[in-house]
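Q: Below: sequence and its predicted model.
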Amino acid sequence: MACSKYEYVKQFESDQTALPNCWMVVRLDGHCFTEFTQAHGFTKPNDARALQLMNLCAAKVMETFGDVCIAYGQSDEYSFVFRKDCQLCPGEFKKL
């Protein structure tokens, strides 16, 4: 991000670390989900294509980050639970 228009984001970073031996949960929320569903003609309330897409994406995240032990979705968000002994980025929240 150096010398980019997003440099200001660094001011929101902190040096907090996670407590050792604790579960970490990362929740990802959809952005402009209503517009996305309308653009792709998804049906309400549960379009099979949308559910498959979200599940495949979550599975790929779990494959990529082996420390994720469970993922679950609700509406337009997914939560990923990292193992207590996760060494992905030794407790640094800003690195997730």
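A: Here it is on my side, so go on.
Q: pull the longest helix from the chain.
A: Counting residues, the longest helix in the chain under DSSP state H turns out to be helix 48-64.
Q: now the end-to-end length of stretch 39-51.
A: 16 Å (CA to CA, to the nearest Å).
Q: er, stretch 42-52 actually
A: End-to-end for stretch 42-52, by CA to CA: 12 Å.
Q: Work out the gap between that stretch and the centre of the chain.
A: 20 Å (CA atoms, centre = their mean, to the nearest Å).
Q: what's the answer for stretch 68-78, then?
A: With CA atoms, centre = their mean, you get 8 Å for stretch 68-78.
Q: Over to stretch 7-18?
A: The answer for stretch 7-18 is 18 Å, by CA atoms, centre = their mean.
Q: if you average pLDDT over it, what comes out?
A: Mean per-residue pLDDT for stretch 7-18: 76.
Q: Equivalent analysis for stretch 47-61, please.
A: Mean predicted lDDT for stretch 47-61 stands at 91.
Q: Just the buried positions in it, please.
A: Counting neighbours by 16 or more other CB atoms under 10 Å, one finds that the buried residues in stretch 47-61 are 50, 54, 58. All C-beta spots, glycine's among them, are computed from the backbone N, C-alpha and C.
Q: cool, and stretch 15-22?
A: Ala18.
Q: starting at the chain centroid, how far to it?
A: For stretch 15-22, the distance to the chain centre is 18 Å (CA atoms, centre = their mean).
Q: now the end-to-end length of it.
A: Termini of stretch 15-22 sit 18 Å apart (CA to CA).
Q: Name the nearest residue to Met24, sequence neighbours excluded.
A: Phe82 (4.3 Å; CB to CB, 6 or more residues apart in numbering).
Q: That concludes my questions; thank you for your assistance.
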